[in-house]
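Student: build the 3D model from these lines:
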Amino acid sequence: LIFVLLTVFLSKNLLTRPVVACTTTLDRPTVAHQIHISHRSYAGSKAASLHWTSERAVSVFLLGLLPAAYLYPGPAMDYSLAAALTLHGHWGLGQVITDYVHGETSIKLANTGLYVLSAVTFAGLCYFNYHDVGICKAVAMLWSL
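Tutor: Coordinates of the predicted model:
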């Protein structure tokens, strides 16, 4: 099921996205409007496409991982969830920073804060998995309330 979802989701038709659209007006023959703004270091490169595809792959992976964690709880599933959830959150908040934080110093501070937050989140989830009941068991305990 996960393989079918990945194949359909990552097909070539779904991975193509417009970057620049051209319009014709009476004043100017061609005006280019940027539709999607990627991270500056990735803009216009193969790395941007790979990053975008990786974000979608992790999202689809989480769709399969959540039911699997319910059916087969254990340490491997707990650490897989910790890694996937942290990466998913890191990339999502990174896009928020890209879209809403402006100014060179502000962007550097926000990105530094994001890396610290992601590292602390992953370390905290790993600590919880090792020293406590783990993510799967904790969710099961919450559901049993």
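Student: where's residue 133, which helix or strand?
Tutor: For residue 133, there is no helix or strand it lies in under DSSP states H and E.
Student: which helix or which strand is home to residue 67?
Tutor: helix 46-71.
Student: same question for residue 126.
Tutor: Using DSSP H and E, residue 126 falls in helix 104-131.
Student: show me the shaky parts of the protein.
Tutor: 1-44 (pLDDT under 70).
Student: counting by contacts, list what the helix holding residue 67 packs against.
Tutor: helix 2-9, helix 12-15, helix 75-100, helix 135-143 (3 or more Cβ pairs under 8 Å, 6 or more residues apart in numbering; DSSP states H and E). For glycine as for every other residue, the C-beta is placed from the backbone atoms N, C-alpha and C.
Student: that older thread, so the helix holding residue 126 versus helix 135-143, what angle?
Tutor: 80 degrees (axes from the mean of the first three to the mean of the last three Cα atoms, to 10 degrees).
Student: got the angle for helix 104-131 vs helix 75-100?
Tutor: 170 degrees.
Student: quick one: contacts for residue 107?
Tutor: With contacts defined as Cβ atoms under 8 Å, 6 or more residues apart in numbering, the neighbours of residue 107 are 97, 101.
Student: in the helix holding residue 67, what's buried?
Tutor: Judged by neighbour count using 16 or more other Cβ atoms under 10 Å, the buried positions of helix 46-71 are 48, 51, 52, 55, 58, 60, 61, 62, 65, 69.
Student: okay, angle between that helix and helix 75-100 too, please.
Tutor: Using the same axes, to 10 degrees: helix 46-71 against helix 75-100 is 140 degrees.
Student: can we start the residue count at 399 from this point?
Tutor: All set: I'll call the first residue 399, so the last point we hit is now helix 444-469.
Student: residue 489 touches residue 453, doesn't it?
Tutor: Yes: proximity of residue 489 to residue 453 meets the contact threshold set by Cβ atoms under 8 Å, at 5.2 Å.
Student: list the buried residues for the helix holding residue 524?
Tutor: Applying 16+ other Cβ under 10 Å to helix 502-529 flags 508, 509, 512, 516, 520, 523, 527 as buried.
Student: let's have these in JSON lines, adding distance to residue 472.
Tutor: What follows is these, written out as JSON lines (distance: Cβ to Cβ, whole Å):
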{"residue": "508", "distance to residue 472": "36"}
{"residue": "509", "distance to residue 472": "35"}
{"residue": "512", "distance to residue 472": "30"}
{"residue": "516", "distance to residue 472": "24"}
{"residue": "520", "distance to residue 472": "19"}
{"residue": "523", "distance to residue 472": "15"}
{"residue": "527", "distance to residue 472": "10"}
